[in-house]
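K.L.:
Please find the sequence and the predicted model below.
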Amino acid sequence: MPLVAHNALPTFDRLRQEGTRVLAPNRASQQDIRELHVGLLNMMPDAALAATERQFFRLIGESNPIAQFYVHPFTLPELQRSQQAQAYIDSYYEPFDKVREEGLDALIITGANVVGPQLDNQPFWEPLKAVADWALDNVTSTLCSCLATHAVLQFRHDKVRIPQGHKVWGVFPHRVVNKQHPLVNDVNTRFDVPHSRWNAVTPEQFRDAGLHVLVESAEGVHLATSADGLRVVFFQGHPEYDTVSLLKEYKREVLLWADGQREDYPPFPQHYFGQRAQALLNEYRLRLDKARAVGSDLPAFPEPQLADLLDNTWHDTAEAVVGNWMGLVYQVTHSDRRIPFMDGVDPGDPLGLYGD
């Protein structure tokens, strides 16, 4: 069932315009359908705050026909914000104290910008631990995205991410390696996932921590779960990305180079730009070099032309996985089948996936 527009968040209007079904609260109250309350801890920087919000709202809203979804965005006050971004947060986001008091069925934690190689000295570190620890005891399942996965692996399992020799950047083929888990039920056994990261937690680190790897590739793990199979779900890739997300990241890097804030010209994200798009970008670089050489105005980046040449090879699978996740959360919170940790008992193997 649809998202419920339970406040004036602009994302609801944006999603309606795209064709996503969004109910007004008065219409939602007239339907005899159970609710699921999903928190979104959005730690993304100002420029990506609203886009990330829309991406996850969209996946949730498209995911499952069994419930009405109330999504509650919140962030950490320790993250530095511009005046404009803070005004947006103050207007539309909820304080964590309110979220904690009213409770959640599920929680999504996004990535964040990091300054320097270490995670445990970042301003979000202790507040993030507090939210994740609360969720462990009070929320059916938490989905960690990219950097949030790295952070949770470090503070909960002592697995420190490893810097890579190059940025893992592009759209990469992946394979399901545990076909029995319900998170990958009816999902293609091979599918693409975007990645954008300088660091990685390796498959060996995931497995040494007692976690279950479900999907991986030559670039590493994409999808894994906690030992019980549900309490924590880990994404190392970015299945929530829009078709143009990597294009916008590439544009940002090109403009940083043109402004002298990056030494090398950025390489193409792997497996993302086709031949026509690459030819267009190579032509743009020639015009850019010429303009810089003579000191003239820089040519406009050809974003609209490039956007028409891009393919999305990951969204359907992302929607299916999130739909399966929402279905499992619903099964736990609105059925007689209880997962033991909900009652303060050791989680063990609540889904019956890993033997006796």
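P.N.:
Here it is on my side, so go on.
K.L.:
number of nearby residues for residue 35?
P.N.:
The burial metric for residue 35, expressed as a neighbour count using other CB atoms under 10 Å, is 15. Every C-beta, even on glycine, is put in place using the N, C-alpha and C of the backbone.
K.L.:
start at 32 instead
P.N.:
Yep, numbering from 32; the last one is residue 66 now.
K.L.:
isn't it right up against residue 98?
P.N.:
Yes. Look at residue 66 against residue 98 with CB atoms under 8 Å: they come within range, at 6.4 Å.
K.L.:
need the contact list for the residue nearest to residue 209 when sequence neighbours are not counted.
P.N.:
The shortest distance from residue 209 to any non-neighbouring residue, by CB to CB, 6 or more residues apart in numbering, is to residue 245 (4.6 Å). The neighbours of residue 245, taking CB atoms under 8 Å, 6 or more residues apart in numbering as the test, are 207-209, 212, 214-215, 254-256.
K.L.:
Who does the helix or strand where residue 245 lies pair with, and is each partner parallel or antiparallel?
P.N.:
Under the criterion DSSP states H and E, the helix or strand holding residue 245 is strand 243-248. Partner strands for strand 243-248, per DSSP bridges, with pairing direction: strand 193-207 (antiparallel), strand 251-256 (antiparallel).
K.L.:
List the buried residues of the longest one.
P.N.:
Of the residues in strand 193-207, those buried by neighbour count under the rule 16 or more other CB atoms under 10 Å are 198-203, 205, 207.
K.L.:
the helices in the stretch 282-387 of the chain, which residues?
P.N.:
Here the stretch 282-387 of the chain has its helices, by DSSP state H, counting those that start in this stretch, at 306-325, 334-338, 346-364.
K.L.:
now the longest one, how far from the centre of its chain.
P.N.:
The chain centre lies 32 Å from the centre of helix 306-325; the measure is CA atoms, centre = their mean, to the nearest Å.
K.L.:
and that helix, what other elements does it pack with?
P.N.:
In terms of contacts (3 or more CB pairs under 8 Å, 6 or more residues apart in numbering; DSSP states H and E), helix 306-325 is packed against helix 276-289, helix 334-338.
K.L.:
when you compare where that helix runs with where helix 276-289 runs, what's the angle?
P.N.:
Counting by axes from the mean of the first three to the mean of the last three CA atoms, to 10 degrees, helix 306-325 points 20 degrees away from the direction of helix 276-289.
K.L.:
Dump helix 306-325 to CSV, restricted to CA.
P.N.:
Below are the C-alpha coordinates for helix 306-325, written out as CSV (Å, rounded to 0.1, in the frame of the first residue of the first chain):
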residue,chain,number,x,y,z
GLN,A,306,29.8,4.7,-25.8
ARG,A,307,27.7,7.7,-26.9
ALA,A,308,27.8,9.2,-23.4
GLN,A,309,31.6,8.7,-23.2
ALA,A,310,32.0,10.4,-26.6
LEU,A,311,29.9,13.3,-25.4
LEU,A,312,32.0,13.6,-22.3
ASN,A,313,35.3,13.4,-24.1
GLU,A,314,34.1,16.2,-26.4
TYR,A,315,33.1,18.2,-23.4
ARG,A,316,36.6,17.8,-21.9
LEU,A,317,38.2,19.1,-25.1
ARG,A,318,36.0,22.2,-24.9
LEU,A,319,36.7,22.5,-21.2
ASP,A,320,40.5,22.3,-21.8
LYS,A,321,40.3,24.9,-24.6
ALA,A,322,38.2,27.3,-22.4
ARG,A,323,40.6,27.0,-19.5
ALA,A,324,43.7,27.5,-21.8
VAL,A,325,42.4,30.8,-23.2
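K.L.:
pLDDT on it, on average?
P.N.:
Model confidence over helix 306-325, given as mean pLDDT, is 96.
K.L.:
which residues sit against that helix?
P.N.:
Counting contacts by CB under 8 Å, 6+ apart, the residues touching helix 306-325 from outside are 285, 289, 296, 299, 304, 328-330, 332-333, 336-337, 340-341.
K.L.:
hmm, 6 Å instead?
P.N.:
Applying CB atoms under 6 Å, 6 or more residues apart in numbering, the set of residues contacting helix 306-325 from outside is 329-330, 333, 337, 340.
K.L.:
So which of the residues you listed wins on neighbours?
P.N.:
With neighbours taken as other CB under 10 Å, the top of those is residue 337, carrying 20 neighbours.
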